[in-house]
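Trainee: Model the following, please.
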Amino acid sequence: MSFMLREIHEQPDVIARLVTEEQSSADKLAREIERREINFIIMAARGTSDHAAIYGKYLLEIRNKLPVALADPSIFTLYSAELKLDRALVIGISQSGQATDVAEYLKRSKEFGALTAAITNEPGSTISQVADHTILCHAGAEKGVAATKTYTSTLAALYLLSASLSQDVSHAERQLKRCAEAIESAITLEGYCADRAERYRFMQDGYVISRGFNYCTALEMALKLAETSYTGLLAYSAADFLHGPIAAVHESEPCFLCAPPGKAYEAMLDMARRLSERKAETVIISSDDEILSLATTPIKIEIDVEEELTPLVYIIPGQMFAYFLAVTRGYDPDRPRGLSKVTLTR
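Mentor: Sure thing, here's the model as predicted:
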């Protein structure tokens, strides 16, 4: 079994382990946020970690009423800007903990008065040494170049922090355990994804669309397909997609939709109908039969979780599909061309 596929299978255990090991770290950070009367958050990340940060933005703004911005590290690394950050929390996210621009952003933010935190899979890494607080992913060594288990564990870490801030830890622990079960169920789609990948062997471009909490899922799925199968699919929020890009959809254009139950579902159902009218080739991930009936390739999620946790479950078919599409094309998903496990930028 390849590293990537093995690590996809490990995700339920990783989530369960993080809940056990990191609740106290999340609590300590939450109490310091309260003590210092933090009133806004900035998240610094790149690549897959940046997609996790987008999830954190939705979560902390909706559940905890804290405005969240996504950092542009170059304001420090290239432009040497100065910011007023004495009431800010700056969270650096890096699975390896070695992202040089994220570490620099944390360091400079600390100098300007910010409370700082790191979310990483590597204890003792650069960003954990710089930050005031660290939440570890407990994913174990991730050998696959395309991140899988460190992504979902980062989402779980952000969920734990949000729950600690709202003092709803018991509920969060129960929901994360149910989420681990839902991920286990989604992994059983492996054979189905392997079979369906052949249909998309020659796919070169298209779109991945979702909305709300799962905007990050669209971004991450498009990235996984690019990393492993070298496709050029573009990811969009369903709302943004209607502001122009939908005009470019032609007959048989591949369009992947992530549509869990929740507040964004009706928008996704409308999108599926519009794409059906345009005779697009739709791959729809959902638990709802109505929207799945519109799909060229339906992918059914059998276990529902609360909307805030659906990104942890709905990315699983995306990871599986990316893996099997690469294999179908004769590529090695563990050795994507031009990529390494740690990418250093400034």
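Trainee: so where's the chain shaky on pLDDT?
Mentor: For the chain, the stretches with pLDDT under 70 are 338-346.
Trainee: Pop the domain breakdown of it in here.
Mentor: Each domain of the chain is listed here as a residue range: 3-185, 188-328, per automatic domain parsing.
Trainee: Make a markdown table from those and add distance to Asp334 and mean neighbour count to it.
Mentor: To be clear about C-beta, it is placed using only N, CA and C from the backbone, and glycine gets the same treatment. Compiled in a markdown table, the domains of the chain are given as follows (distance: least, CB to CB, whole Å; neighbours: other CB atoms under 10 Å):
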| stretch | distance to Asp334 | mean neighbour count |
| --- | --- | --- |
| domain 3-185 | 5 | 20 |
| domain 188-328 | 9 | 20 |
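Trainee: possible to save the ones you listed as CSV with distance to Arg337?
Mentor: As requested, the domains of the chain are arranged in CSV below (distance: least, CB to CB, whole Å):
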stretch, distance to Arg337
domain 3-185, 10
domain 188-328, 7
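Trainee: sec struct for Val283, please.
Mentor: Under DSSP: H, G, I helix; E, B strand; the rest coil, Val283 falls in the strand class.
Trainee: Give the bridge partners for it, please.
Mentor: Using DSSP bridges, the bridge partners assigned to Val283 are Phe256, Thr297.
Trainee: so what's it up against?
Mentor: Arg196, Tyr200, Pro254, Cys255, Phe256, Leu257, Ala295, Thr296, Thr297, Ile299, Phe321 (CB atoms under 8 Å, 6 or more residues apart in numbering).
Trainee: for these, which one is nearest Leu5?
Mentor: Within those, proximity to Leu5 (CB to CB) peaks at Phe321, which comes in at 12.2 Å.
Trainee: any idea how far Ile135 is from Ala163?
Mentor: In this view, Ala163 and Ile135 are 12 Å apart by CB to CB, to the nearest Å.
Trainee: if I look at the two, which residues touch both of them?
Mentor: When contacts are counted by CB under 8 Å, 6+ apart, Ala163 and Ile135 have Ala26 as shared neighbours.
Trainee: Could you pull out the helices in this protein for me?
Mentor: 3-9, 11-35, 48-64, 74-77, 100-111, 126-130, 149-165, 169-187, 190-197, 215-229, 238-241, 265-277, 289-292, 310-328 (DSSP state H).
Trainee: so which of these gets nearest Leu85?
Mentor: The stretch from the helices of the chain with the least distance to Leu85 (CB to CB) is helix 100-111; that distance is 5.4 Å.
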